[in-house]
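[1] can you look at this prediction? I've put the sequence above it.
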Amino acid sequence: MIIKLTARVIKYNWSVSFNIGPLLSNVYSVLHKFSGLLHPPVFLIAECINCLAVMAENQAEEVWRQLAQTGFLPQLIGSPQNLQISPSHYCNILNVWERAHGCYAVTLAMMRLLHSSLSSSDTISEYMLATIVYIMQAVFLTSQNWRYNSQKDREEFCHLILKLCLKVLETTANKASDSIHTMLHDFTVDLLLTSSGHVLIINVLGMGVSTVNKLMASSHNWCQTSVPIESLKISFKITDLLLQCKKTESVTPLEEALATRTVGHSFFSASTPQHIVTRLASYIYHHDDNTVPISAIQLLTRLASVAPMSMFSCLGQEALALRDNFVTRLSARTETNNLRIAILNLISVSMGTQPGLLELFLSLSLRRKNDSTSQKKEMIRPDSCLYPVLNMIDPKHQVQA
């Protein structure tokens with residue numbers, strides 16, 4: 001309780017930390033003394049790590065330097081090309097206690113500490129690197145198969161691990177001059193693209209618009225987005241970054257999953273199996289938060305340009321309904337321009353890579369020019385996506401400055 005109160009105090013008034021220095025130093029002593037016990041006090045250790053996460057917002061390098069001296073953190077062994085981890089007190093707590101009881105207080109605290117440190121400092125120490133590598137290898141790849149005490153715990157765990165992955169990708173990008181940043185970035189991208197790490201991301205992306213709408217409807221605070229929806233937004237960002245960072249011409253397991261995967265039982269709910277492309281397209285029916293449909297359409301646009309598949313055949317019976325909704329949202333005067341731009345970009349990319357999808361969006365028909373000739377010309381149907389576009393560029397509909 002004292003440690004929790006201390007964390008609250010320094011979170012809202014960091015200047016107090018200079019007056020309670022001995023108390024903050026005791027946090028490291030507690031970790032050193034209790035984390036190696038045969039029966040460690042898990043929740044006490046978790047509160048200590050949460051306190052360090054608050055401290056890391058202002059002095060991340062000092063926190064990791066002192067934490068490394070407690071024996072709590074894993075360490076790197078081997079070459080940078082073959083990253084391996086030596087066991088530590090934290091590894092023992094996760095494998096022996098947390099996974100056995102389905103309660104991951106210490107691991108959740110460690111992910112908060114890492115996210116806080118990456119947000120406040122550009123420096124990645126050797127111990128921070130080892131902890132991130134361990135979290136990625138031992139936690140991210142297998143966490144969807146672990147036991148959880150409640151659905152809420154599962155959702156929070158999923159949210160924090162995805163949030164950490166996104167932060168790692170964003171922090172280490174475009175820093176080629178730093179060997180640690182480059183090594184961590186390449187390791188993370190390779191792990192998520194080529195291993196089973198994409199499974200969690202696909203499961204979150206495949207929750208579908210029905211689940212999203214139910215979560216929004218059941219939210220007690222309409223101003224506050226639920227954890228699964230935030231996880232969905234993060235998954236969109238991670239997938240887009242991974243496809244941008246891809247270096248090989250061959251199809252990666254992530255791309256293969258996006259092209260072929262049928263999702264039914266997602267990370268958050270169980271529903272009728274559908275192709276992942278259909279699930280992504282279904283987010284166009286979500287109206288409460290435009291970030292969701294915009295992100296989904298942007299991901300479909302990237303898939304249309306890189307994935308070796310016919311998206312039209314993946315949509316199946318949902319194709320016509322999807323086009324009609326595109327037309328509706330393009331025509332609506334209340335829609336944001338960002339959504340319209342995303343839809344038009346998808347149509348533009350489809351011209352070169354998705355002929356079936358382009359034909360669906362344009363909805364053209366052949367008609368004779370007149371009764372005396374056999375020549376035909378293409379006519380735009382009323383359900384074509386071109387109609388609202390022509391209306392937008394029609395001078396009669398332009399607002400005079």
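    Everything's here; your move. Numbers count the residues shown, from 1 in each chain.
[2] pull up the gap between the spatially closest residue to residue 125 that is not a sequence neighbour and residue 108, please.
    Nearest residue to residue 125 in three dimensions, chain neighbours excluded: residue 64, at 5.0 Å (C-beta to C-beta, 6 or more residues apart in numbering). All C-beta atoms are positioned from the backbone trio N, CA, C, and that covers glycine. Per C-beta to C-beta, to the nearest Å, residue 64 is found 18 Å from residue 108.
[3] and for residue 163?
    11 Å.
[4] likewise for residue 6?
    Taking C-beta to C-beta as the measure, residue 6 falls 19 Å from residue 108.
[5] check residue 21 too.
    In this view, residue 21 and residue 108 are 27 Å apart by C-beta to C-beta.
[6] who's more crowded, these two?
    Between residue 21 and residue 108, residue 108 has the larger neighbour count (other C-beta atoms under 10 Å), namely 20 against 9.
[7] correct me, but that one touches residue 157?
    Yes - at 6.7 Å, residue 108 and residue 157 qualify as touching, with contact defined as C-beta atoms under 8 Å.
[8] quick one: least confident helix or strand in the protein?
    Lowest on mean pLDDT, DSSP states H and E among the helices and strands of the chain sits strand 364-368, with a mean of 56.
[9] and the nearest residue to residue 154 once chain neighbours are set aside, helix, strand or coil?
    Excluding its sequence neighbours, the residue lying closest to residue 154 (C-beta to C-beta, 6+ apart) is residue 148, at 4.2 Å. At residue 148, secondary structure determined by DSSP: H, G, I helix; E, B strand; the rest coil is coil.
[10] still on that earlier bit, what helices or strands is the helix or strand harbouring the residue nearest to residue 125 leaning on?
    Following DSSP states H and E, one finds residue 64 within helix 42-68. Applying 3 or more C-beta pairs under 8 Å, 6 or more residues apart in numbering; DSSP states H and E, one finds that helix 42-68 contacts helix 2-12, helix 21-34, helix 105-120, helix 126-134.
[11] so what's the gap between the host helix or strand of residue 352 and the chain middle?
    In the assignment (DSSP H and E), residue 352 maps to helix 337-353. Relative to its chain's centre, helix 337-353 lies at 22 Å (C-alpha atoms, centre = their mean, to the nearest Å).
[12] quick one: residue 203 and residue 263 touch, right?
    Yes - Residue 203 lies in contact with residue 263 (C-beta under 8 Å); the separation is 7.0 Å.
[13] among the two, which residue is more densely surrounded?
    Between residue 203 and residue 263, counted using other C-beta under 10 Å, the more crowded position is residue 263 (22 against 19).
[14] just checking, the more buried one is part of a helix?
    No - applying three-state DSSP, one finds residue 263 to be strand, outside a helix.
[15] what separates it from residue 393, distance-wise?
    Taking C-beta to C-beta, one finds residue 263 at 38 Å from residue 393.
[16] give me phi/psi at residue 252?
    phi -90, psi 160 (degrees, to the nearest 10).
[17] for the closest residue to it other than its chain neighbours, what are its contacts?
    Excluding the flanking residues, the one nearest residue 252 by C-beta to C-beta, 6+ apart is residue 193, at 4.5 Å. Residues counted as contacts of residue 193 (C-beta atoms under 8 Å, 6 or more residues apart in numbering) are 242, 245-246, 252-254.
[18] go on, residue 17?
    Applying C-beta under 8 Å, 6+ apart, the residues near residue 17 are 10, 24, 55, 58.
[19] again with residue 7
    Contacts of residue 7 by C-beta under 8 Å, 6+ apart are 47, 50-51, 54.
[20] report how many residues lie close to residue 333.
    5.
[21] likewise for residue 37?
    Neighbours around residue 37, by other C-beta under 10 Å: 11.
[22] tell me which element residue 37 is part of?
    Under DSSP H and E, no helix or strand contains residue 37.
[23] for it, phi and psi?
    Main-chain dihedrals, residue 37, degrees, to the nearest 10: phi -70, psi 160.
[24] show the model's pLDDT score for it.
    Residue 37 is assigned 90 on the pLDDT scale.
[25] again with residue 135
    For residue 135, pLDDT reads 92.
[26] ok, residue 169 - contacts?
    Applying C-beta under 8 Å, 6+ apart, the residues near residue 169 are 185, 188-189, 238, 241-242, 245.
[27] noted, bye for now.
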